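Q: Coordinates for the following, if possible.
(2 chains)
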Amino acid sequence: MTGGVPRALGATSSGTSAPAKGAFTFAQISDTHVGFHKEANPDVVGCLRRAIADINALPQAPSLVVHTGDVSHLSKPEEFGQAKDLLKEFRVDRVHTIPGEHDALDDGLTGYLRNFDHDGKNRPWYSFDQGGVHFIGLSNVLNFKMGMLTSLGDEQIAWLRKDLAHVSHSTPVVVLAHVPMWMVYPQWSWGTADAAQALALLRPYGSVTVLNGHVHQVLQKVEGNIALHTAMSLAYPLPAPGQAGIGEPGPVKVPAGELGKLIGTRELTVVRGRHELALVDTPVDHG
Amino acid sequence: MKPTALAAFLFLVAPPGAFAADAAVEIHKFAFSPKEITVKPGTTIVWTNRDETPHTIIAGDGSFVSKAMDTDDSFSHTFASEGDFGYFCTLHPYMTGNVHVHK
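A: Sure, this is the predicted structure:
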């Protein structure tokens, strides 16, 4: 993949994006909003299918796929069911999801967990190890308070502390959370109130990559050994934080032919000896 | 002007709140309009979502909670007693509004 493919600045190695043979790679998708069918994208299912085909066609198949939330648009049982079936089309070991706030409507995470309870413990946070990486899935979509940012909550932070107690500081850690774990734009509630408490627990680790969704665009922040990245959506773009002329974070309608350049997927590779993962962001429309 | 036409005219210009009519709050561009509304006890307020994005209504004190409202969906709540009721959208908690219920 060369030409016209944006890369996360500062996080991709030299000119080539082909991972070293045998390297551990995985893919990130986000904000599929299955059930959305409005003008900004009348065919979110078609876009997800194109992304699945792209990822299945990668020269080096990723070991797993992570989905960083807003699997559904309105938390409807049929949306979760359709999304679950679609995600089975990935030819990977497993697709790991975390919930977005669109997956927590009406009955909290009951409907989401009926379909996406990854470790059978009926809670949205979990961890697993694969490819020498410790993966942690978090939920920051239930504790919205009036006029405030969302939060992880004390119970989850206590769980995270316990979970990390068994992980050596030399193990690369990848954290999944839907709402950004840094203050992207609090005026639009784009941040997590108690993210600093979670990041403090991760600071002793040599390689920490936080993968977020929610904002439907690629943004990043690096704090020492902790790199935080948001991803494109597979449904529709949102405005840049505080973008001039747009007062609210609603779906951005773009001319026909432009949408595929603004939605897409991400491939990540663990590079031995480097604390940052190599990231390549690829729009659905690419050369 | 004929008496019937006059009666109809008076009915149309009767000030809201003269009797406990419904009041409307629109949700547009991620904001409640009006953001502050004052009504009499017994009034039913109808919120309608005019955005392409779903929104919810939840009282700060939990006294009323809507389901997710997609485009053009409505939620109504009748305010029986006096008080000030702050509310927000759980999806976008920076969206806040207030209902003031006074005799």
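
Q: Would you indicate which residues of the strand or helix carrying residue A:129 are buried?
A: Taking DSSP states H and E as the criterion, the element that holds residue A:129 is strand A:126-130. Buried positions in strand A:126-130, judged by neighbour count with 16 or more other CB atoms under 10 Å in any protein chain shown: A:126, A:127. Every C-beta, even on glycine, is put in place using the N, C-alpha and C of the backbone.

Q: In its sheet, which strands sit next to that strand, and in what direction?
A: strand A:133-137 (antiparallel) (DSSP bridges).

Q: Convert the C-alpha atoms of the next helix or strand along the chain from the partner strand to CSV, please.
A: Elements were assigned by DSSP H and E; along the chain past strand A:133-137, the next helix or strand is helix A:154-164. Presented in CSV, the C-alpha positions along helix A:154-164 are these (Å, rounded to 0.1, in the frame of the first residue of the first chain):
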residue,chain,number,x,y,z
ASP,A,154,-13.8,2.7,40.6
GLU,A,155,-14.8,-0.9,40.1
GLN,A,156,-13.2,-1.1,36.7
ILE,A,157,-10.0,0.7,37.8
ALA,A,158,-9.7,-1.7,40.8
TRP,A,159,-10.1,-4.6,38.3
LEU,A,160,-7.4,-3.1,36.1
ARG,A,161,-5.0,-2.8,39.0
LYS,A,162,-5.5,-6.5,39.8
ASP,A,163,-5.2,-7.6,36.2
LEU,A,164,-1.9,-5.7,35.7
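
Q: by how many degrees do helix A:154-164 and strand A:133-137 diverge?
A: If you take axes from the mean of the first three to the mean of the last three CA atoms, to 10 degrees, helix A:154-164 sits at 170 degrees to strand A:133-137.

Q: Next secondary structure after helix A:154-164?
A: Following helix A:154-164 in sequence, per DSSP H and E, is strand A:173-176.

Q: what's that next one packed up against?
A: If contacts are counted by 3 or more CB pairs under 8 Å, 6 or more residues apart in numbering or on different chains; DSSP states H and E, strand A:173-176 sits against strand A:133-137, helix A:195-202, strand A:208-212.

Q: try 7 Å
A: strand A:133-137, strand A:208-212 (3 or more CB pairs under 7 Å, 6 or more residues apart in numbering or on different chains; DSSP states H and E).

Q: got the residue ranges for the helices in chain B?
A: Ranges of helices in chain B, per DSSP state H, are B:3-13.

Q: if I pick the closest residue to chain A within chain B, what's in contact with it?
A: In chain B, no residue comes nearer to chain A than residue B:30, which is 3.6 Å away by CB to the nearest CB. Counting by CB atoms under 7 Å, 6 or more residues apart in numbering or on different chains, residue B:30 makes contact with A:248, A:249, A:250, B:51, B:92, B:95.

Q: And the furthest pair within these?
A: With CB to CB as the measure, no two of the contacts of residue B:30 lie farther apart than A:250 and B:95, at 11.8 Å.

Q: Those two: which is more packed in?
A: Shown here are residue A:250 and residue B:95; by other CB atoms under 10 Å in any protein chain shown, residue B:95 has more neighbours (23 against 17).

Q: so what's the more buried one up against?
A: By CB under 7 Å, 6+ apart, the neighbours of residue B:95 are B:30, B:31, B:32, B:88, B:89.

Q: now chain B, which segments are flagged as low pLDDT?
A: Scanning chain B for pLDDT under 70 picks out the ranges B:1-21.

Q: typed the wrong thing, it's chain A
A: Counting by pLDDT under 70, chain A shows low-confidence ranges at A:1-18.

Q: Could you list the residues of it in contact with chain B?
A: A:38, A:40, A:74-75, A:101, A:105-106, A:144-148, A:187-189, A:247-251 (CB under 7 Å from any CB of the partner chain).

Q: For chain A, just list every one of the strands.
A: A:25-29, A:64-67, A:94-97, A:126-130, A:133-137, A:173-176, A:208-212, A:220-223, A:226-230, A:264-269, A:278-283 (DSSP state E).

Q: Nearest approach to residue B:76 belongs to which of these?
A: strand A:94-97 (34.5 Å).

Q: circling back to that earlier point, show me just the buried residues among the residues of chain A next to chain B.
A: For the residues of chain A next to chain B, a burial check counting by 16+ other CB under 10 Å picks out A:38, A:40, A:74-75, A:101, A:105, A:144, A:146, A:188-189, A:248-251.

Q: Among the residues you listed, which are located in helices?
A: Going by DSSP H, the helices hold none of those.
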